[in-house]
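> model the structure of this input:
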Amino acid sequence: MAAKKPFALRIDENLMKAVEKWAEDEFRSANGQLEWIIHEALKKSGRLPSTLKKDPES
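Numbers count the residues shown, from 1 in each chain. Predicted coordinates for the structure are as follows:
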C-alpha cells in the first residue's frame, strides 16, 4: 500500500456535512469518501495514473 500524504483541506461546512452523510451511507470515513470521490473523478476524466487503477477501499 502506498504511503498517504496528509494535507489540510478548507471546505464549505455544508459541503462537508453532505460528504460525511454520504460516507456514513457507504460505511466509509469522511476521509475515505473524499479519496474515493477524487479517485472516481480522476478515472472518469482519464487522468488516473496507472499505478492507481485499483479502486480505493474496495
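> so how far is Leu48 from Ala3?
Distance from Ala3 to Leu48, counting by CB to CB, to the nearest Å: 18 Å. Using the backbone N, CA and C atoms, a C-beta is placed for each residue, glycine as well.
> neighbour count for these two, which is higher?
Neighbour totals were compared for Ala3 and Leu48, and Leu48 leads with 15 against 4 (other CB atoms under 10 Å).
> now do the closest residue to that one other than its chain neighbours: how many residues are near it, please.
Excluding its sequence neighbours, the residue lying closest to Leu48 (CB to CB, 6 or more residues apart in numbering) is Leu42, at 4.2 Å. Counted with other CB under 10 Å, the neighbours of Leu42 add up to 13.
> any idea which helix or strand carries Leu42?
Element membership of Leu42 [criterion: DSSP states H and E] is helix 30-44.
> pLDDT of that helix, averaged?
Across helix 30-44, pLDDT averages out at 96.
> where do the helices sit along the chain?
For the chain, applying DSSP state H gives helices covering 13-25, 30-44.
> out of those helices, which comes closest to Leu52?
Nearest of these to Leu52, taken as CB to CB: helix 30-44 at 6.9 Å.
> now the closest one - C-alpha only, PDB.
What follows is helix 30-44, C-alpha atoms only, in PDB (Å, rounded to 0.1, in the frame of the first residue of the first chain):
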ATOM      1  CA  ALA A  30     -15.200  11.100   5.500                       C
ATOM      2  CA  ASN A  31     -11.500  10.900   4.500                       C
ATOM      3  CA  GLY A  32     -12.100   7.600   2.700                       C
ATOM      4  CA  GLN A  33     -15.100   9.100   0.900                       C
ATOM      5  CA  LEU A  34     -13.200  12.100  -0.300                       C
ATOM      6  CA  GLU A  35     -10.400   9.800  -1.500                       C
ATOM      7  CA  TRP A  36     -13.000   7.700  -3.400                       C
ATOM      8  CA  ILE A  37     -14.600  10.800  -4.900                       C
ATOM      9  CA  ILE A  38     -11.200  12.000  -6.100                       C
ATOM     10  CA  HIS A  39     -10.300   8.600  -7.500                       C
ATOM     11  CA  GLU A  40     -13.600   8.300  -9.400                       C
ATOM     12  CA  ALA A  41     -13.200  11.800 -10.800                       C
ATOM     13  CA  LEU A  42      -9.600  11.100 -12.000                       C
ATOM     14  CA  LYS A  43     -10.700   7.800 -13.500                       C
ATOM     15  CA  LYS A  44     -13.700   9.400 -15.300                       C
END
